[in-house]
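> from the sequence below, what's the structure:
(2 chains)
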Amino acid sequence: MNTKLLDPTNESRVATMEMVGRPESLKGLTVGLLDIAKARGDVFLDRLEERLSEMGADVRRYKKPTFTKPAPVDLRHEITTQCQVVIEALAD
Amino acid sequence: MTRDGGPRLPDGLVIVVKRECETCRMVVPVLERIRATSGITIYTQDDPLFPDGLPSLHDGDLAVSWHHEIETVPTLMKVQSGVEIARTVGWVRDEWEALTGIDSLGPELPAFRPGCGSMSVDPDLEHQLSARFGNSVLGSRRVEIASGEDEFEAMFDRGWTDGLPVVPPTEERVLRMLGGTTRSPDEVVAIVPPDLVDVTVEKVAINAVMAGCKPEYLPWVIAAVEAVCNDVFNIHGVLATTMPVGPVIVANGPGTRAIGMNSGMNAFGQGNRANLTIGRAVQLVVRNIGGGRPGEVDRATHGNPGKISFCFAEDEVGSPWTSLAVSRGVAPGVDAITVFPGEGPRCVVDQLARDPESLCNTFAACLRTLHNPKSVLAFDAILVVGPEHARVFAEAGWDRDRVLAELHARLQIPGSELVRGANGIAEGVPAHLKDATLPKFRPNGILLVHAGGGAGLFSAIIGGWANGNMGSEPVTKEVGR
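Model prediction:
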C-alpha cells in the first residue's frame, strides 16, 4: 500500500494575477510614492518626486507607520484608489 | 458498543479472547461447556490456535475487536439478528450464567476474576487502528506517495522541510500527536503570517510530527505558535527583516522538566529532543502554513542556525532569582513560554570576577557592543547567566531587580561617544544628542535568564531586533493542555 501523508501546508491555491501593462508615459498619471519608513528613504523619494514631476506626473506621497510591518489595509486601499502607478522605496 | 462499518457478529453467543490473558486461559473449560450446550463463536486476538482444541476465528487485524469496542478480554456477548443485546467483561460467574442461561458454570473457578486489556486498546496500536478503520477526524488533504518514490525525498521535493529531513506525517502519527492536547483538531490556533492563514490544531500537529516532537510537546508548540502569530511579536517582520533573527523560545515551569527539556549543559546546543523539536515545529508552521520561506518573504542577509530551532528551558531549580516567566507576570509553578526575536547566542567570558560589581562591569561592557557599540535603545537582549556566574550574585544577595538595575546604571552612555563620526565610526545618533546621556537599553530591554551547565564562568547574550511597537515585543504565554 502506498504511504499516505497529511498535507502540512495551508492547502491554499495561489491566485495568479496578471501584471498591469506598463504605461507608455507617466504624463498626466497619478504616481504614488510609498515611503516604507526606513532611514533616508525620504532622500531617495524626494529626488524621485522631482524627476517624476518634471515628466508631468501628478505625484502623491504616502508613508507606512513602520518598515517592520506590512502597510495597513487602509493605506493600501488609499493608494489603489488614488494612483495609477506606485513606487515603493526600500532604503538604508 | 459498535462502530460503523465493521464486520457483523454472528447470532448467538460470541466471545473475544487472547492466549496471553490468564483469565481467558482459566475460562477455557467453561467455553467447552457453553459450546457443547448452546454453541459459541470464539474470536481470538493473538494466537489463532487458542483456545486449544476449540474452533476459533482469528481477529488478526483486530477489525472485530475495534469495531465492537472490545476493551477487555474476555468479553462475552449475546447477539440477536446481528445486534448485540448483552455483554459482560472478565469472568463473573453470575453474569455469565445470566447471559448464557446455563447454570453452574465453572464450579471449580472463583466467582469473579477481572479480565485483561484488549489488544485493540493497546496504546501502541490504538492510533494505527483508528487510522485504518475509523472515519478520520482529520481534514487535511492526503498526499499519496507512490511505491517507487522515497517518501523523504518526496517531502524535500514538495518544499515541506527546513533543509533537514522530516518525519513523514502519517495519519497514525498525527493522531498520536493529537493525544498530547485536549484541544479539538479543527480548532483554530492562530492566523499565521505572512500569508495570514488560519492554522488549526491538526495542522500544528502535522508539523510537530515532521519536526520530531513527542505528543507531550504539542501544547508547548501550540503556545509558541500563538505567541509569535500576532501584531505584538510581529513574526511577519521578524521573518522579512534582513537582520539575522528568528523566534527564540524560553520555556519555564515544572512542565519543562516533565518533558525533559534541557536547561543545563549545552542548553542551546544539540542533543535534546524537546528543545530542538519544539523550536523546529514552530518554524515549520511558519514555513508551511504561513508561507514564510527564505528568499521569498524571509530576506535575511545572513540568517542564523537558530532559525532552524532555538528553544531552551530556564534552570529554575538552581536559580537565585525568580524565573523569567514569573518576572513577566506568570504565576509561579505555571508552565509558560516567552518568545523573543533573537540572533544566535554569543559568549561572555569572565573567569576572575568574584564580586557582583566586577561581573556587572563585564556584562555591561559586552552588552554595550550589541549590534553596534554606538547603537542605543533600538534593540533588546536576553542575558543568559550561567550557574557559576549566578553564584556570584547569589552569594552577594543580589536579586533579579538589583542585577538589572546595576546593569542599566552601567549602560548610560554619553552622547559624545555615540554621535555620528565619534570614534571614527560613521554610524551613530544625530549630532544634536552629543550632550545627552542615552541608555543602551529601554527600561525593560534586558531579559534575564538563568541557564547553562554547572562548570564554566560564562554567560551568553542573545541580541534582539527592532523593539517595541515599531518592531517586535517579546511575548509570554501560558502553556495550556
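
> tell me the domain ranges of chain B?
B:12-121, B:153-478 (automatic domain parsing).

> check which residues of stretch B:403-420 are buried.
B:403-404, B:406-408, B:410-411, B:413, B:415, B:417-419 (16 or more other CB atoms under 10 Å in any protein chain shown). Quick note: C-beta positions are derived from backbone N, CA and C, even for glycine.

> need the domains of chain B in a markdown table (columns: mean pLDDT and distance to chain A).
Below are those laid out as a markdown table (pLDDT from 0 to 100; distance: least, CB to the nearest CB, whole Å):
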| stretch | mean pLDDT | distance to chain A |
| --- | --- | --- |
| domain B:12-121 | 95 | 13 |
| domain B:153-478 | 97 | 4 |
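
> most tightly packed of those domains?
When these are scored by mean count of other CB atoms under 10 Å in any protein chain shown, the highest mean neighbour count falls to domain B:153-478 (a mean of 20).

> quick one: it to chain centroid distance?
Centre-to-centre, domain B:153-478 and its host chain are 16 Å apart (CA atoms, centre = their mean, to the nearest Å).

> ends of it, how far apart?
37 Å (CA to CA, to the nearest Å).

> which parts of chain A sit against chain B?
Contact residues, chain A versus chain B (CB under 8 Å from any CB of the partner chain): A:2-12, A:65-66, A:68-70.

> hmm, B:Thr241 and B:Arg299 touching each other?
Yes. Taking contacts as CB atoms under 8 Å, B:Arg299 lies within contact range of B:Thr241: 6.9 Å.

> how near is B:Val248 to B:Ile337?
B:Val248 sits 10 Å away from B:Ile337, going by CB to CB, to the nearest Å.

> B:Thr2 now?
43 Å.

> then B:Leu31?
When B:Leu31 is compared with B:Ile337 (using CB to CB), they lie 55 Å apart.

> same check on B:Ile308?
From B:Ile308 to B:Ile337 the distance is 18 Å (CB to CB).

> same check on B:Val174?
22 Å.

> what of B:Asp4?
Per CB to CB, B:Asp4 is found 40 Å from B:Ile337.

> likewise B:Ser120?
Taking CB to CB, one finds B:Ser120 at 37 Å from B:Ile337.

> wait, isn't B:Glu151 in contact with B:Pro169?
No. Counting by CB under 8 Å, B:Glu151 stays clear of B:Pro169, with 10.2 Å between them.

> what is in contact with these two at once?
Contact criterion CB atoms under 8 Å, 6 or more residues apart in numbering or on different chains; residues shared by B:Glu151 and B:Pro169: A:Leu5.

> the stretch 351-481 of chain B: strands as residue ranges?
Using DSSP state E, counting those that start in this stretch, the strands assigned to the stretch 351-481 of chain B run over residues B:379-385, B:412-414, B:437-439, B:446-450, B:458-466, B:475-478.

> and of these, who's closest to A:Gly32?
Of all the strands of the stretch 351-481 of chain B, it is strand B:458-466 that lies closest to A:Gly32, at 25.1 Å by CB to CB.

> got the angle between that closest one and strand B:446-450?
Strand B:458-466 and strand B:446-450 are oriented at 150 degrees to each other (axes from the mean of the first three to the mean of the last three CA atoms, to 10 degrees).

> ok, then the element right after the lengthiest helix in chain A?
In chain A, assigned by DSSP state H, the helix with the most residues is helix A:41-54. With elements assigned by DSSP states H and E, the helix or strand that comes after helix A:41-54 is strand A:58-63.

> so which elements touch that following strand?
Where contact means 3 or more CB pairs under 8 Å, 6 or more residues apart in numbering or on different chains; DSSP states H and E, strand A:58-63 is packed against strand A:30-35, helix A:41-54, helix A:73-82.

> highest mean neighbour count out of the ones you listed?
strand A:30-35 (a mean of 20).

> what lines up beside that strand in the sheet?
Here strand A:30-35 is paired, per DSSP bridges, with strand A:58-63 (parallel), strand A:85-89 (parallel).

> ok and it relative to helix A:41-54, angle-wise?
170 degrees.

> quick one: the helices in the stretch 301-450 of chain B?
B:324-327, B:356-368, B:387-396, B:400-410 (DSSP state H, counting those that start in this stretch).

> dump these into TSV; add distance to B:Ser56 as well.
Output for the helices of the stretch 301-450 of chain B, formatted as TSV (distance: least, CB to CB, whole Å):
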stretch	distance to B:Ser56
helix B:324-327	57
helix B:356-368	74
helix B:387-396	63
helix B:400-410	68
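
> the bottom helix or strand of chain A by mean pLDDT?
strand A:85-89 (a mean of 84; mean pLDDT, DSSP states H and E).

> can you show me the CA trace of that one as CSV?
Taking C-alpha atoms only, strand A:85-89 is exported to CSV below (Å, rounded to 0.1, in the frame of the first residue of the first chain):
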residue,chain,number,x,y,z
VAL,A,85,1.3,53.8,-10.6
VAL,A,86,3.1,53.2,-7.4
ILE,A,87,6.7,53.2,-6.4
GLU,A,88,7.7,51.6,-3.1
ALA,A,89,11.1,52.7,-1.8
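
> my guess is B:Ser81 meets B:Asp11, correct?
Yes. The pair B:Ser81 and B:Asp11 passes the contact test of CB under 8 Å, sitting 6.7 Å apart.

> what's the overlap in contacts for those two?
With contacts defined as CB under 8 Å, 6+ apart, no residue is shared by B:Ser81 and B:Asp11.
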